[in-house]
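**Q** how would this look folded up:
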Amino acid sequence: MSAVLVPFAPSGQIDWEAFARHVARTSGVGLVPAINMDTGYVQLLDNADRLRALTVAREVLGPTGEMVAGACVVDRPGDPFDRQAYGEQLEMIAAACALPVMFPSFGLTAGGDAETIARLAELGRQAGRFIGFELSTEFVPCGRIFSLAAYEQLLQIEQCIGAKHSSLSRRAEWERLAVRDRVRPDFAVFTGNDLAIDMVRYGSDWLLGLSTAVPEAFAQRDAWWAAGDGRFDELDDALQALGDFAFRRPVPAYKHTMAQALFLRGLIATDEPHPESPRRPASDREIVATILGRIDQAQHA
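**A** Below is the predicted model of the structure:
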């Protein structure tokens, strides 16, 4: 699953045509587009733009095309759990025939792990099927990483078919894979570790923001992995070089790096990020271009 960047036009408005092309590009190489994720600035979009992103993506994918989408509620520290707001997000996602990813919020993660798990179970009864989401505070202040005991409880929620793990820690993800193998082998651990994209070697699936820069290279990497083709290693290393550069601190600025990559590839009109999102220096473009050249060489080896 590939989180889809929302590109911006030179006017500073969302470039919906470029977004539609990027959704089509992502799906066209065999990846599942993930709409309204952190990579798509979901915390900075209003409901109208979130709905439009879902609508555009569904139009591109057709009635049966697979997609997932973030159920995101924006609140402030100390706010209570807003069940109604999450319900509205789930209704919007269901209308678009997408599988929801339960974004953390201050209200959702307030209190102890047990309270958060209970809230997710309640939301699961409405959603039917959903993907959980552990997200480090490196990405958003309202993020939460569960204890291992709480993670095991998450696996007891029948409607939760998997969980995205974005702690940026290999060890934490390995521990979750061990719990998954012991408790519920059909549960998907979707790595969100863009600093260790080779977690597929250890049994993780993936839902990454890094892949939005070069979805076809990720699709090729996975095909080589499935076929046991040794070219996987060189391509994975080249892609990891982009991840290491893009996801340096401040981590949220990786979205600007993704825009720079797509702009350098001639796929979007500008590399401007959302105006409220952190930026990278323009001098990064030269480094990004060098890494893209390495990826292209490895992809066509």
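**Q** tell me who's in contact with A71.
**A** 86, 89-90, 93, 100-103, 123, 127, 130 (CB atoms under 8 Å, 6 or more residues apart in numbering). For the C-beta atoms, the positions are set from N, CA and C on the backbone; glycine is no exception.
**Q** swap in R83?
**A** Neighbouring residues of R83 by CB under 8 Å, 6+ apart: 119, 122-123.
**Q** try it again at 10 Å.
**A** 73, 107-108, 119, 122-123, 126 (CB atoms under 10 Å, 6 or more residues apart in numbering).
**Q** max pairwise distance over those: which two?
**A** Spanning the widest gap among those are G107 and Q126, at 16.1 Å by CB to CB.
**Q** how near is the residue lying closest to L5 once chain neighbours are set aside to L267?
**A** Nearest residue to L5 in three dimensions, chain neighbours excluded: T212, at 4.5 Å (CB to CB, 6 or more residues apart in numbering). According to CB to CB, to the nearest Å, T212 stands 10 Å off from L267.
**Q** which of these two has more neighbours?
**A** Each of T212 and L267 has its neighbours counted (other CB atoms under 10 Å); T212 has more, 29 against 14.
**Q** go ahead and confirm that one touches I35.
**A** No - using CB atoms under 10 Å, T212 is not in contact with I35, being 11.4 Å away.
**Q** what do those two both touch?
**A** 3-4, 6, 26.
**Q** closest one of those to V68?
**A** A3 (9.1 Å).
**Q** I'd guessed F133 sits against C142; true?
**A** No - F133 lies out of contact with C142 (CB under 10 Å); the separation is 11.1 Å.
**Q** need the overlap of contacts for these two.
**A** 103-104, 108.
**Q** now, which of those lie within strands?
**A** Using DSSP state E, no member of those sits in strands.
**Q** looking at the residues you listed, spot the one nearest F81.
**A** Set against F81, the nearest of those by CB to CB is L108 (5.8 Å).
**Q** any idea how far the closest one lies from Y86?
**A** For L108, the distance to Y86 - CB to CB - is 7 Å.
**Q** any common contacting residues for those two?
**A** With CB under 10 Å, 6+ apart as the test, L108 and Y86 both reach 71, 73, 102, 119-120, 123.
**Q** between which two of those residues is the distance greatest?
**A** Across the shared contacts of L108 and Y86, no pair lies farther apart than V73 and L120, at 13.0 Å, counting by CB to CB.
**Q** once you drop chain neighbours, what's closest to F232?
**A** Closest residue to F232 apart from its sequence neighbours, by CB to CB, 6+ apart: W224 at 4.0 Å.
**Q** residues touching the one you found, list them.
**A** 230-236, 299, 301.
**Q** and the strands in the stretch 101-250 of the chain?
**A** Using DSSP state E, counting those that start in this stretch, the strands of the stretch 101-250 of the chain run over 130-135, 160-166, 188-191, 205-206.
**Q** want to throw those into JSON lines with mean neighbour count?
**A** Converted to JSON lines, the strands of the stretch 101-250 of the chain look like this (neighbours: other CB atoms under 10 Å):
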{"stretch": "strand 130-135", "mean neighbour count": "24"}
{"stretch": "strand 160-166", "mean neighbour count": "25"}
{"stretch": "strand 188-191", "mean neighbour count": "23"}
{"stretch": "strand 205-206", "mean neighbour count": "18"}
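**Q** from the contacts of R83, which ones fall inside helices?
**A** The members of the contacts of R83 that map onto helices under DSSP state H are 119, 122-123, 126.
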